[in-house]
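Asker: model the following, please.
(chains A and B)
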Amino acid sequence: AQSVTQLDSQVPVFEEAPVELRCNYSSSVSVYLFWYVQYPNQGLQLLLKYLSGSTLVKGINGFEAEFNKSQTSFHLRKPSVHISDTAEYFCAVSDFNQAGTALIFGKGTTLSVSS
Amino acid sequence: NAGVTQTPKFRVLKTGQSMTLLCAQDMNHEYMYWYRQDPGMGLRLIHYSVGEGTTAKGEVPDGYNVSRLKKQNFLLGLESAAPSQTSVYFCASRRTGLAGGELFFGEGSRLTVL
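Answerer: Residues are numbered from 1 along each chain as shown, chains lettered A, B, ... in the order given. Sure thing, here's the model as predicted:
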């Protein structure tokens, strides 16, 4: 079965600093990767996804992620964060073998941006 | 456009009581999911449905039942609530079963079992 590991449970950064949130997944022949963001007391919304093609994926709010098949990673990056980026971020994976093609989520990374 | 709507948003139960969470989506999506979110655990799949009249178990189905009598609604039931079911519950839907499709989430239902 697929699994996702988010390597950092909490990432504190200062405003305007760059940030990287790390995600590794278990290997599979066909895998699709997602990053979701959850703002306080809200549901999850899609930041970006990788299906195929270019390994650098751009998402909303200036975020991007790079798919690295050899390292089975899908790290999320932003060159300059804002206070409003404070949220919990979830990496998720899906493949054709997953029952109901449900997303399997990592445990989340809390990004805290301070001034 | 409402998207995915969950009711109620908050509920407090006593151990042994029953309740039903309702998820409604207005996007004509085929697939629907119930997840629970616990601190440090991420989201774990409880049950899912691949179409009207179908349901299946996910990773953590024990203590829950579901029904999908209408395409737009997916109900999650707790027959006899336990403190271990204190959690935030999220419903999600997806247009088709394509593995690359986006899941759309509701805003969550926070359940406390005393």
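Asker: tell me how many other residues surround residue 81.
Answerer: I'll assume chain A. 22 (other CB atoms under 10 Å in any protein chain shown). (C-beta placed from N, C-alpha, C; glycine too.)
Asker: looking at chain B here, not the other one
Answerer: B:A81 has 21 nearby residues by other CB under 10 Å.
Asker: who's in contact with the helix or strand of chain A with the lowest mean pLDDT?
Answerer: Sorting the helices and strands of chain A by mean pLDDT, DSSP states H and E puts strand A:104-105 at the bottom, at a mean of 92. Strand A:104-105 is contacted from outside by A:1-4, A:36, A:90-94, A:98, B:35, B:42-45, using CB atoms under 8 Å, 6 or more residues apart in numbering or on different chains.
Asker: same thing but 10 Å
Answerer: A:1-4, A:6, A:25-26, A:34, A:36, A:44, A:90-95, A:98, B:35, B:37, B:41-45, B:59 (CB atoms under 10 Å, 6 or more residues apart in numbering or on different chains).
Asker: partner strands of it, parallel or antiparallel?
Answerer: strand A:87-94 (antiparallel) (DSSP bridges).
Asker: buried set for the partner strand?
Answerer: A:A87, A:E88, A:Y89, A:F90, A:C91, A:A92, A:V93, A:S94 (16 or more other CB atoms under 10 Å in any protein chain shown).
Asker: now, among the residues you listed, which is nearest to A:V19?
Answerer: Top of the list for closeness to A:V19, among these and by CB to CB, is A:Y89 at 9.8 Å.
Asker: of the contacts of strand A:104-105, which belong to helices?
Answerer: If you go by DSSP state H, the contacts of strand A:104-105 have nothing in helices.
Asker: relative to B:D62, how far out is the closest residue to B:S18 other than its chain neighbours?
Answerer: Distance criterion CB to CB, 6 or more residues apart in numbering or on different chains; nearest residue to B:S18, sequence neighbours excluded, is B:E79 at 5.2 Å. For B:E79, the distance to B:D62 equals 11 Å [CB to CB, to the nearest Å].
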